[in-house]
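Novice: no sequence on hand, only this structure:
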């Protein structure tokens, strides 16, 4: 291999590595080919979904007792809001660049402070650069007890 070919090959490999792409052989039949093994909606029969449980009677979740009360779950990437007594949950992973833990709620809009995307209380994009809504999570409420399926 001459120097020019070597530099071209090394450059391509570096670019692929920097963008997270790799060259791999096809998978064998013995590998796990289910990309979402815990997805209950997976047609391949996935496993059990993960759940998050808490009570809005306990801090810091007491903010959800009030209309327009909101919070970023302290351990999970979940945005929570109370609108007219109905509590909703959304992933806090911004659809623009994947930021998950830098949110505010000025003017009744979820604002991702990484790049300024704003979402309304239904998760819809109000201001970009995000172009997709926040994913809504399944939430059930029994009195003060909340269960979210992730």
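Specialist: Cool, got the structure. None of the values given here were measured: they were computed from a predicted structure.

Novice: what comes into contact with stretch 120-135?
Specialist: Outside of stretch 120-135, the residues within contact range by C-beta atoms under 8 Å, 6 or more residues apart in numbering are 68, 79, 81, 83, 88, 90-96, 108-110, 112, 115-119, 136. From N, CA and C alone the C-beta is placed, and that goes for glycine too.

Novice: separate out the buried members of those residues.
Specialist: Those of the contacts of stretch 120-135 that meet the buried threshold are 79, 81, 88, 90-96, 110, 112, 117-119, by 16 or more other C-beta atoms under 10 Å.

Novice: mind checking which of those residues land in strands?
Specialist: Per DSSP state E, strands hold the following members of the buried ones among the contacts of stretch 120-135: 79, 81, 88, 90-91, 110, 112, 118-119.

Novice: circling back: select, from the buried ones among the contacts of stretch 120-135, the two members most distant in space.
Specialist: Largest separation among these by C-beta to C-beta: 88 and 96, giving 20.4 Å.

Novice: hang on, the earlier thing: of all the buried ones among the contacts of stretch 120-135, which comes closest to residue 143?
Specialist: For the buried ones among the contacts of stretch 120-135, the nearest to residue 143 is residue 88 (17.2 Å; C-beta to C-beta).

Novice: that closest one reaches residue 136, doesn't it?
Specialist: Yes: counting by C-beta atoms under 8 Å, residue 88 touches residue 136, with 6.8 Å between them.

Novice: returning to what we had before: save the ones in strands among the buried ones among the contacts of stretch 120-135 as CSV, and put in distance to residue 143 and pLDDT too.
Specialist: Converted to CSV, those look like this (distance: C-beta to C-beta, whole Å; pLDDT from 0 to 100):
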residue, distance to residue 143, pLDDT
79, 22, 88
81, 19, 92
88, 17, 93
90, 22, 92
91, 25, 87
110, 26, 89
112, 32, 89
118, 32, 91
119, 28, 93
